[in-house]
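Visitor: sequence and predicted model, in that order:
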Amino acid sequence: FEEAVQRDSAFVEAWVALATSRLLLVANGRTRDPQLVARAEAAVERVERLSPGSPQALLARSAQLRFIAKNYDSARVVMERGARLAPGDFRFASNLGYLLAQNLGRTTDAAHYLAKAAMLDPMRPQVRLILAQVLAADGRLAEAREAAERAISSVPGNFRAVSARAEVELIAGDTAAARA
């Protein structure tokens, strides 16, 4: 993404991707380099200057609020605004679902957004995996099994997909099905 923004300094999507990738490096513990944090925040600000109030700017800002500021409620508000502006954008539905499940513990709300994300982009099995886990945690085991099965069918033999299904079965108390 660095090269893309060097070639075209007004390429908003490249700035969003650059900001998000930098933010994720810090959030996932790959580095705590203050310079990287500053460069990530500068990329977010660049998106906001290039395209103020746009879905892209909201996506970048929500990532900064979630991953760096750890201000989950503000991140949720920004993501919801983005989801209203860009209802067909997979990124808002999936990120909102992840945030609600992982950071705010709102599994019922998370399941709604993750199901929407899976519908908007059915080629991303990881969304169905998280959806299966969220539905299981919410006690919706039949739906969780279905989400896990869809993930497995989209990437047969994938360890994470198979393990998500086993996790659903263990939550249901069916150890025999978990082993299958």
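Guide: Yep, it's here. Numbering: from 1, shown residues only.
Visitor: just for the chain, where's the confidence low?
Guide: Filtered on pLDDT under 70, the chain yields the residue ranges 30-31.
Visitor: center of it, which residue is that?
Guide: Nearest to the mean C-alpha position of the chain, counting by C-alpha atoms, centre = their mean, stands Asn95 at 3.3 Å.
Visitor: what about the nearest residue to that one once chain neighbours are set aside, how many neighbours?
Guide: Setting aside the residues directly before and after it, Asn95 is nearest to Met79 in space (C-beta to C-beta, 6 or more residues apart in numbering), at 5.9 Å. (Each C-beta comes from the backbone N, C-alpha and C, glycine too.) Neighbouring residues of Met79 were enumerated by other C-beta atoms under 10 Å; the total is 27.
Visitor: do you know how far Met79 is from Asn158?
Guide: Taking C-beta to C-beta, to the nearest Å as the measure, Met79 and Asn158 are separated by 28 Å.
Visitor: can you check Ile171 too?
Guide: Computed with C-beta to C-beta, the distance linking Ile171 and Asn158 is 20 Å.
Visitor: ok, and what's touching stretch 103-119?
Guide: Contacts of stretch 103-119 with the rest of the structure, by C-beta atoms under 8 Å, 6 or more residues apart in numbering, involve 66, 72-73, 75-76, 83, 90, 93-94, 96-101, 124, 127-128, 130-131, 134-135, 137-138, 140, 143, 147, 150.
Visitor: ok, the closest residue to Ala166 other than its chain neighbours - contacts?
Guide: Sequence neighbours aside, Ala178 is the residue nearest to Ala166 in space, at 4.3 Å (criterion: C-beta to C-beta, 6+ apart). For Ala178, the contact set (C-beta under 8 Å, 6+ apart) comprises Ala166, Glu167, Glu169, Leu170.
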